[in-house]
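Asker: give me the fold of what follows.
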Amino acid sequence: MAQEHWTWLFGKLSSAVGVLVAGESDARNRVFVASKYLLQIPPDAVPPECQEDLRWIRHMLTRHEPGPYDDSAVAATFRRTRNTTASKIASRVWHVYAVYGSVLEERKVQRALAQHGKKPKLGVVVVPPKASHT
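Answerer: Down below sits the predicted model:
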């Protein structure tokens, strides 16, 4: 996907953040409800600043092979994930959301400048520090 899809993909990320922030129950349940949105975002189709984080998130959501009682890697991983690990995943999702939003805002400013005949200058994307998620 090209950059013209970045806004649509950001909508998927926003839906996931909405579940993480406003959802009920513990972090583990909220992360796995949000996974239906997160797994729709191909890491190679988002801004480069977010790709590594999204690969990590996808890995953490699907890291266990399905067993006899699981219908998918997500279900197998959900069953084995602790609340502390889910909190780390949620923290990384929030980081991606902040970075992605900053990139989109910078693009919006650049387009507005270009529409007014001003030569856009490359800006600086503010990247918040990552939380520890090892």
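Asker: helix, strand, or coil at H64?
Answerer: coil (DSSP: H, G, I helix; E, B strand; the rest coil).
Asker: just give me the neighbour total for it.
Answerer: Applying other Cβ atoms under 10 Å, we find 16 residues neighbouring H64. C-betas here are computed from N, CA, C, even on glycine.
Asker: got it, and I57?
Answerer: I57 has 26 nearby residues by other Cβ under 10 Å.
Asker: how far away is it from H95?
Answerer: I57 is 10 Å from H95, where distance means Cβ to Cβ, to the nearest Å.
Asker: and P48, by the same measure?
Answerer: 15 Å.
Asker: who's more crowded, these two?
Answerer: When P48 and H95 are compared for neighbours, H95 comes out ahead with 19 against 8, by other Cβ under 10 Å.
Asker: the helices in this structure, which residues?
Answerer: 6-22, 27-38, 48-61, 73-80, 83-115 (DSSP state H).
Asker: mind checking those helices for the one nearest to G67?
Answerer: Nearest to G67 among the helices of the chain is helix 73-80 (5.7 Å), distances taken as Cβ to Cβ.
Asker: got a list of contacts for that closest one?
Answerer: Here helix 73-80 makes contact (Cβ atoms under 8 Å, 6 or more residues apart in numbering) with 28, 32, 35, 39, 60-67, 69-70.
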